[in-house]
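Trainee: Model the following, please.
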Amino acid sequence: MIPFNLPGDPELHNSFPFTFKIHKLTADVPPHTHNFVEYTYCFYGSGTEIINGIERAIGPGTFTLLLPHQVHQIRITRGQELHLYIGAIGLQAIYGSDDIAASFSDILLRAGTEGDPSYQLADELTRQLLPIFERMHEEILSNRPLSQLMFKTKLTEALILLERSCFAKRDNDTYNPPNKKGKMWEIILYVYQHFRDDIKLETLAERFYLSVPHISTSFKSSIGENFHIFLEKIRISHACSLLISGNEPVTSVCFEVGFTSYATFSRVFKERLTMTPSAYRKLNSGSQVTN
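Mentor: You can find the predicted model right below:
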């Protein structure tokens, strides 16, 4: 079941597409998805985190990395609290051609697709990361000169430390980013950004100078599902958000998210959520979570 989609803060669509906050949770966070990269670090309390249906305990020292549209929720025992640093990275920050964007995209793709999305960090790594996160939070709230550059510098430092300790297990210190995965990440991001368009495997093959069989196989190996299911998931996720947050007719929502046939939209929606779009709107209106 795919629930609603969190749009994120307006900043994620601007020239500096980063946010970094402290959330002190006292109640459950319902299942949700989003179209940006999110990372969290728990520094107080305990709870249960559920990512794509898999439950994990979360507590001090837990770092989680969520790629766009992974289904995520948190359960908190009544009377308990969970305190998290929560950061978000807009897709344009990792879709550019500069060195930082290339590093972000490569690290985040491998971390999100090759291993567990949640990591219990060693004490030494926690001691290294906590002052970095504290500085990042200070800089994101600051109006001092070059605060944005300082934030990106500290974020890069944190990702490198995580990369060395958690994300990648290598036999030596030499690292050459795999070109095929880099190209696949570009394709995945392109689909996230253009899911409303009439995208086909042939479209992607022509745009990225790869064969249709290669892209089809790479989707399955990279994210665990084929291209058509992946595209449907994004479209239905966005439809859920529109159904909850607005009053547009269901037929308008259908075409807004990229379906060209209402019959297909209705069938796919019911297959994924076990109810019609209208029933979903009636059941969930007013329940959307803010980010």
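Trainee: Now do the same contact list for the closest residue to residue 151 other than its chain neighbours.
Mentor: Once flanking residues are discounted, residue 151 sits nearest to residue 139: 4.3 Å by C-beta to C-beta, 6 or more residues apart in numbering. C-beta: built from backbone N, CA, C; applies to glycine. For residue 139, the contact set (C-beta atoms under 8 Å, 6 or more residues apart in numbering) comprises 147-148, 150-151, 154.
Trainee: again, 7 Å this time
Mentor: 147, 150-151, 154 (C-beta atoms under 7 Å, 6 or more residues apart in numbering).
Trainee: chain center to the helix or strand harbouring it, what's the gap?
Mentor: When elements are assigned from DSSP states H and E, residue 139 belongs to helix 123-140. Distance of helix 123-140 from its chain centroid, counting by C-alpha atoms, centre = their mean, to the nearest Å, is 21 Å.
Trainee: avg pLDDT for it?
Mentor: The predicted model gives helix 123-140 an average pLDDT of 96.
Trainee: Which other helices and strands does the very next helix or strand once past it contact?
Mentor: Sequence-wise, the next helix or strand downstream of helix 123-140 (DSSP H and E) is helix 147-162. Contacts defined by 3 or more C-beta pairs under 7 Å, 6 or more residues apart in numbering; DSSP states H and E place helix 147-162 against helix 99-114, helix 123-140.
Trainee: Try it again at 10 Å.
Mentor: Judged by 3 or more C-beta pairs under 10 Å, 6 or more residues apart in numbering; DSSP states H and E, the packing partners of helix 147-162 are strand 18-25, strand 37-45, strand 62-66, strand 82-89, helix 99-114, helix 123-140.
Trainee: want to try a markdown table for those, with distance to residue 215 as columns?
Mentor: Output for the helices and strands packed on helix 147-162, formatted as a markdown table (distance: least, C-beta to C-beta, whole Å):
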| stretch | distance to residue 215 |
| --- | --- |
| strand 18-25 | 30 |
| strand 37-45 | 22 |
| strand 62-66 | 24 |
| strand 82-89 | 25 |
| helix 99-114 | 15 |
| helix 123-140 | 36 |
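Trainee: where's stretch 200-209 relative to the chain centroid, distance-wise?
Mentor: That offset, for stretch 200-209, works out to 24 Å (C-alpha atoms, centre = their mean).
Trainee: Just the buried positions in that stretch, please.
Mentor: Buried residues in stretch 200-209, counted by 16 or more other C-beta atoms under 10 Å: 201, 204-205.
Trainee: ok, those vs residue 72, which is closest?
Mentor: Among these, residue 204 lies closest to residue 72 (C-beta to C-beta), at 26.6 Å.
Trainee: The closest one contacts residue 191, doesn't it?
Mentor: Yes: with contacts counted by C-beta atoms under 10 Å, residue 204 reaches residue 191, the gap being 7.6 Å.
Trainee: and residue 271, how many neighbours?
Mentor: 10 (other C-beta atoms under 10 Å).
Trainee: ok, now how distant is residue 27 from residue 62?
Mentor: 19 Å (C-beta to C-beta, to the nearest Å).
Trainee: re earlier: now the contacts of residue 139 in a markdown table, please, with extra columns for pLDDT, neighbour count and distance to residue 216.
Mentor: Below are the contacts of residue 139 laid out as a markdown table (pLDDT from 0 to 100; neighbours: other C-beta atoms under 10 Å; distance: C-beta to C-beta, whole Å):
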| residue | pLDDT | neighbour count | distance to residue 216 |
| --- | --- | --- | --- |
| 147 | 96 | 15 | 44 |
| 150 | 95 | 17 | 43 |
| 151 | 95 | 22 | 39 |
| 154 | 94 | 21 | 39 |
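Trainee: now for those, which pair is the farthest apart?
Mentor: Farthest pair in those, by C-beta to C-beta: 147 and 154, 10.6 Å.
Trainee: joint contacts of those two?
Mentor: Residues touching both residue 147 and residue 154 (C-beta atoms under 10 Å, 6 or more residues apart in numbering): 138-140.
Trainee: where does this structure dip in pLDDT?
Mentor: Judged by pLDDT under 70, the chain has its weakly predicted residues at 1-5, 52, 69, 94-115, 168-182, 223, 241, 245-246, 285-291.
Trainee: per the record, what domains does this protein have?
Mentor: Split into domains by automatic domain parsing, the chain comes to 4-167, 181-284.
Trainee: mind listing what's buried in stretch 214-222?
Mentor: Quick answer for stretch 214-222 (16+ other C-beta under 10 Å): 215, 218-219, 222.
Trainee: Sitting in strands, which of the residues you listed do you find?
Mentor: Taking DSSP state E, every one of the buried residues of stretch 214-222 sits outside strands.
Trainee: Closest one of those to residue 132?
Mentor: Among the buried residues of stretch 214-222, and counting by C-beta to C-beta, the member closest to residue 132 is residue 222, at 29.1 Å.
Trainee: Good, wrapping up.
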